[in-house]
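A.B. asks: predicted coordinates and the sequence they were generated for:
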Amino acid sequence: MSFLRCLLGGFLLAIVLSVSNGDPLVPALCIFGDSVVDVGNNNNLSTLIKANFPPYGRDFVTHRPTGRFCNGKLATDFTAEYLGFTSYPPAYLSREARGQRILTGVNFASAASGYYNVTARLFCALTLPHQLKYYRLWQRKIVNLVGRTQATNIFSGGIHLINAGSSDFIQNYYINPLLNRHYSPDEFSDILMQSYSSFVQDKGGCGYFKWIDPSLEVELLKEKLKEVEEERDTLKYKMKELGGKYDSLKQKLKEIKEERDCAKAKFKRLVVVILCFLLAKIIFE
């Protein structure tokens, strides 16, 4: 299962940047995969795997079910926001995926899909090859809308994100004796990795998909985590040090107050002595 975490680490891009000029950092965002990133394609399929009913969507912008398998936004929605898009890539099979709306990318993901095509067929979902078929149809629509030159810039400059593999295990391998008795988890993982490589390198995106080494991303995340932990420890030490200084300052203030009260008492006694002296002088004179 570690390879799934690596894939997730490699392709869930967390780009936290400010877009000062209001334009997105990339021209388009296209998404492939399973229920983790599906935004409503399964609403338009003859499948039982749907999320178009409450309580799904109760915390989303519209407070209504959209087809997302969560109560609010998906990781890809946050990714679109961080990239500077003012809207989320619509589901390709939805009514929103029309006209100018598709210029900034669309979502082809289908819940219950996976790298193992049989997984999607079991639940009447879109297989990854079928998602690629829709991707090529989308490319043709873009060419018709803006011309081949600008369309090529959109395809080559856009981000293509894929998240899959969990359904292959949870909804197929673990409950399918034809698989788990014939393949070990590692052997089945190898099959999924071969499908993944084929998707990205051989068939994927007409050359617009690029390989990202997940191990490098994981190591980078580990380094960042280590830096954060070091900063946390440093901050804790500084807070402890400041706490000691605060206690010391508090004690000094207490001492100063006591000295001030003592000085006031001495001053009062001195005033009384002077008044008595002056009064005695006046009387004797």
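C.D. replies: Good, I have the coordinates. Numbers count the residues shown, from 1 in each chain.
A.B. asks: report the contact partners of Phe32.
C.D. replies: Phe108, Ala109, Leu128, Gln131, Leu132, Tyr135, His160, Leu161, Ile162, Asn163, Ala164 (CB atoms under 8 Å, 6 or more residues apart in numbering). Any C-beta I mention is one placed from the backbone N, CA and C, and that applies to glycine too.
A.B. asks: among these, who's most crowded?
C.D. replies: In terms of neighbour count, Ala109 stands highest of the contacts of Phe32 at 33 neighbours, by other CB atoms under 10 Å.
A.B. asks: for it, give its distance to Ala263.
C.D. replies: To Ala263, Ala109 is 78 Å away according to CB to CB, to the nearest Å.
A.B. asks: which residue ranges form the helices in the stretch 151-285 of the chain?
C.D. replies: According to DSSP state H, counting those that start in this stretch, the stretch 151-285 of the chain carries its helices in the segments 166-170, 177-180, 185-197, 214-284.
A.B. asks: I should have written the stretch 1-150 of the chain there, sorry.
C.D. replies: Along the stretch 1-150 of the chain, counting by DSSP H, counting those that start in this stretch, helices occupy 2-11, 75-83, 117-122, 128-146, 148-157.
A.B. asks: so which of those gets nearest Leu279?
C.D. replies: helix 75-83 (83.4 Å; CB to CB).
A.B. asks: show me what the closest one is packed up against.
C.D. replies: Counting by 3 or more CB pairs under 8 Å, 6 or more residues apart in numbering; DSSP states H and E, the packing neighbours recorded for helix 75-83 are strand 29-33, strand 159-163.
A.B. asks: for Ala109, see how far away Gln100 is.
C.D. replies: 22 Å.
A.B. asks: ah, wrong one, I meant Gly33
C.D. replies: The gap separating Gly33 from Ala109 is 4 Å, by CB to CB.
A.B. asks: any common contacting residues for the two?
C.D. replies: Common neighbours of Gly33 and Ala109 (CB under 8 Å, 6+ apart) are Asn163.
A.B. asks: spatially nearest residue to Leu145 (excluding sequence neighbours)?
C.D. replies: Closest residue to Leu145 apart from its sequence neighbours, by CB to CB, 6 or more residues apart in numbering: Leu103 at 6.6 Å.
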